[in-house]
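Pasting the sequence and the predicted coordinates here, then a few questions.
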Amino acid sequence: MTTGKDKKMTEHNIRLTSAEIGHLWSLYISDTMSVCTLGYFLKKLEDAEILPVLEYALHLSKQHLETVTEIFTHESFPIPIGFTDADVDLDAPRLFSDTFILNYLKNMSRIGLAANALALSMCARSDVRDFYVEALASTSELYTRSAKVQLSKGLYIRPPYISIPKQVSFIEHESFMSGLLGKKRPLTALEVASLWVNSETNTLGRSVATGFSQVAKSKNVRQYMVRARDISAKHVEVFHDLLNEEMLPAPQTWDSDVLDSTHAPFSDKLMMYHIAVLSQAGFGNYGIAASGAMRRDLGPMYARLIAEVATFADDGMELMIENRWVEEPPQAENRNALAGV
């Protein structure tokens, strides 16, 4: 007779798929970065209302690392190095305000929701699937907690309101998709939402890059952070202009929540990786926005912005490789090399 324990052991002896390996490996690296970043924020935070949310976020990252370590150890998979205490200076002066930290938690939990949902949809093995189900639920809880505190403090900026349609109607002419030339129709609700969220995430990116540009030790890294700041600012302006054309409000900026410290709380390696994570999230957000855009001017706009982010991200990867800051991700076997050809 097969016991429940025997069944579980059998299930977990099934090999990890490439999708499971890739997502778990990436999550491990990202959560080691989060432990460093959130640990520093925790040391500097003064607001008692934000404290439980930040503590919960740090707890989740540590919990994720424990679970992934268990899975990798069971599979005799080498544990990634990621980021360690050497990548953070908890005694460095404060670089960001408490208001920024709260906004950071909400926006990074949004990135986590997208990553965990994608990973869950590609996982077959029960222990990995159960892990991502829990990760998705806990990350959703983190988003909810951070949003509630923002609402209680009057810091939550809602997306624009539009009027509710009076009746159901159908598109009658292809001019509905026009936008490159001539008269443009008003933006749809989803088009407004996409412009809003992309403006909000770029606003966060601009603030992060501004802070990092002040404290990075390497001249090349400082220049890269300035470039990140300027690209984010330009993209924010593009999105704000489109919203302003419709007389819709745009998200506020958080530049005043970056303080004047020039003492680095993080290593250049960690800051470069952090910007890479934000760039990757931007790719995804722009792709989703382009796929849902029905006006012909919006698709090419997002394609142009994606190309700019791609070039920027590629340059960043070259800089990180040059400094030996990038761990090699798991790869498929090189069959030609194994065959000696």
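Received, thanks.

residues touching Thr210, list them.
Contacts for Thr210 (Cβ atoms under 8 Å, 6 or more residues apart in numbering) come out as Met225, Arg229, Asp255, Val258. Where C-beta positions appear, they are placed from N, C-alpha and C, glycine not excepted.

Could I get the phi/psi values of it?
phi -60, psi -50 (degrees, to the nearest 10).

low-confidence ranges in the stretch 201-341 of the chain?
Applying pLDDT under 70 to the stretch 201-341 of the chain flags no residue at all.

Show me the helices in it, by range?
For the stretch 201-341 of the chain, the helices defined by DSSP state H, counting those that start in this stretch cover 219-245, 268-292, 298-322, 335-339.

tell me the angle the first one makes with helix 298-322.
Think helix 219-245. 170 degrees (axes from the mean of the first three to the mean of the last three Cα atoms, to 10 degrees).

And helix 219-245, how far out from the chain middle?
In terms of Cα atoms, centre = their mean, to the nearest Å, the centre of helix 219-245 is found 17 Å from the chain centre.

Repeat that for the shortest one.
Averaging C-alpha coordinates over helix 335-339 and over its chain gives two centres that are 37 Å apart (Cα atoms, centre = their mean).

What of stretch 123-141?
That offset, for stretch 123-141, works out to 18 Å (Cα atoms, centre = their mean).

Which positions in that stretch come out as buried?
Cys123, Arg125, Asp127, Val128, Arg129, Phe131, Tyr132, Ala135, Leu136, Ser138, Thr139 (16 or more other Cβ atoms under 10 Å).

Could I get the average pLDDT for that stretch?
Across stretch 123-141, pLDDT averages out at 97.

which residues sit in contact with the most centrally placed residue in the chain?
Among the residues of the chain, the one closest to the centroid is Ile111, at 3.7 Å (Cα atoms, centre = their mean). Ile111 makes contact with Val277, Leu278, Ala281, according to Cβ under 8 Å, 6+ apart.

redo that, cut-off 10 Å
Counting by Cβ atoms under 10 Å, 6 or more residues apart in numbering, Ile111 touches Ser30, Thr139, Thr201, Leu204, Val277, Leu278, Gln280, Ala281, Gly282, Gly284, Asn285.

ok, now how distant is it from Asn285?
Applying Cβ to Cβ, to the nearest Å, the value for Ile111 to Asn285 is 9 Å.

Pull up the overlap in contacts between these two.
Thr201.

Which one of the contacts of Thr210 is nearest to Val192?
Asp255 (23.8 Å; Cβ to Cβ).

ok, now which ones touch the spatially closest residue to His23 that is not a sequence neighbour?
Residue nearest to His23 in three dimensions, not counting chain neighbours: Ala119, with 3.8 Å by Cβ to Cβ, 6 or more residues apart in numbering. Residues near Ala119 by Cβ under 10 Å, 6+ apart: 19-20, 22-24, 26-27, 128-129, 131-132, 135-136.
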